[in-house]
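Visitor: Predicted structure and sequence below. I'll ask about it afterward.
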Amino acid sequence: AQSVTQPDIHITVSEGASLELRCNYSYGATPYLFWYVQSPGQGLQLLLKYFSGDTLVQGIKGFEAEFKRSQSSFNLRKPSVHWSDAAEYFCAVGASGAGSYQLTFGKGTKLSVIP
Amino acid sequence: DVKVTQSSRYLVKRTGEKVFLECVQDMDHENMFWYRQDPGLGLRLIYFSYDVKMKEKGDIPEGYSVSREKKERFSLILESASTNQTSMYLCASSLSGRAGGPREQYFGPGTRLTVT
């Protein structure tokens, strides 16, 4: 079974600073990887996904993530954070193979942005 | 624009009541999911359905049941609500992963259920 670890429970950055949120997964084959964002009181919104191909993927709101097989990581980055990026971020992994429906989510990283 | 709607944003029920949470998606997705979200625990899968009338248990199905009579609608049922079921409940849907892996899930806004 696959699993996901988000090592940082809470991160605080200044507006305009760069951001990197860490995600490590455990899965034997090539995983399906996702990043979601959740604003307070809202559902989750998909930021980006990785299935195969180019290991650097671009998402919405200026986010990108890089798949590194050797490190079992899929870290989320943004070069310049805006106050509206304050939210909780979830990394998720799914198993490859026909009939695979489920995603396993990490426990989330809460991002605070200092004006 | 894709849309997943949940019947209530906030719900307050008493211990022992039967509670229905409704979820509707308009994307013709095959798969639908129910999660609960608690601080520090992330999202935990309660049940999912990959077709009408089909369901499978997730990680924490105890105390819950589900119903999927139509493709667009997936209901979560708390047969006898208890205080430890106070939580945020999130519904999601996705296309079938039959081609070789899971597809991205689209989430509703959530229902915050309080059981007193």
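Guide: The structure has been received and is ready for your questions.

Visitor: which bits of chain A sit near chain B?
Guide: Counting by Cβ under 8 Å from any Cβ of the partner chain, the positions of chain A adjacent to chain B are A:9, A:32, A:34, A:36, A:41-46, A:49, A:51, A:90, A:94-103, A:105-108. Bear in mind the C-beta positions are built from the backbone N, C-alpha and C, glycine included.

Visitor: out of these, which are inside strands?
Guide: Taking DSSP state E, the ones among those that sit in strands are A:32, A:34, A:36, A:44-46, A:49, A:90, A:94, A:105.

Visitor: Mark which of those residues are buried, thanks.
Guide: Buried by 16 or more other Cβ atoms under 10 Å in any protein chain shown: A:32, A:34, A:36, A:44, A:46, A:49, A:90, A:94, A:105, out of those.

Visitor: mind checking pLDDT for the residue nearest the centre of chain A?
Guide: By Cα atoms, centre = their mean, chain A has its centre lying nearest to residue A:35, at 3.4 Å. On the pLDDT scale, residue A:35 is placed at 98.

Visitor: That one touches residue A:60, doesn't it?
Guide: No - using Cβ atoms under 8 Å as the test, residue A:35 is too far from residue A:60 to be in contact (10.1 Å).

Visitor: Return every residue with contacts to both of the two.
Guide: Residues touching both residue A:35 and residue A:60 by Cβ atoms under 8 Å, 6 or more residues apart in numbering or on different chains: A:46-48.

Visitor: for these, which one is nearest residue B:15?
Guide: Residue B:15 lies nearest to residue A:46 out of those, by Cβ to Cβ, at 36.2 Å.

Visitor: residues touching that closest one, list them.
Guide: For residue A:46, the contact set (Cβ under 8 Å, 6+ apart) comprises A:34-36, A:59-60, B:104-106.

Visitor: try residue B:30
Guide: Shown in contact with residue B:30 (Cβ under 8 Å, 6+ apart): B:50-51, B:71, B:94-96.

Visitor: Of those - the most surrounded one?
Guide: Ranked by neighbour count (other Cβ atoms under 10 Å in any protein chain shown), the contacts of residue B:30 have residue B:94 at the top, with 23 neighbours.

Visitor: partners of the nearest residue to residue A:23 once chain neighbours are set aside in the sheet?
Guide: Leaving aside its sequence neighbours, residue A:23 sits nearest to residue A:91 (Cβ to Cβ, 6 or more residues apart in numbering or on different chains; 3.5 Å). Beta bridges link residue A:91 to residue A:35, judged by DSSP bridges.

Visitor: Return the member of the shared contacts of residue A:35 and residue A:60 nearest to residue B:115.
Guide: Once Cβ to Cβ is applied, the member of these that ends up nearest residue B:115 is residue A:46, at 30.5 Å.

Visitor: Can you give me the separation between the closest one and residue A:22?
Guide: 19 Å (Cβ to Cβ, to the nearest Å).
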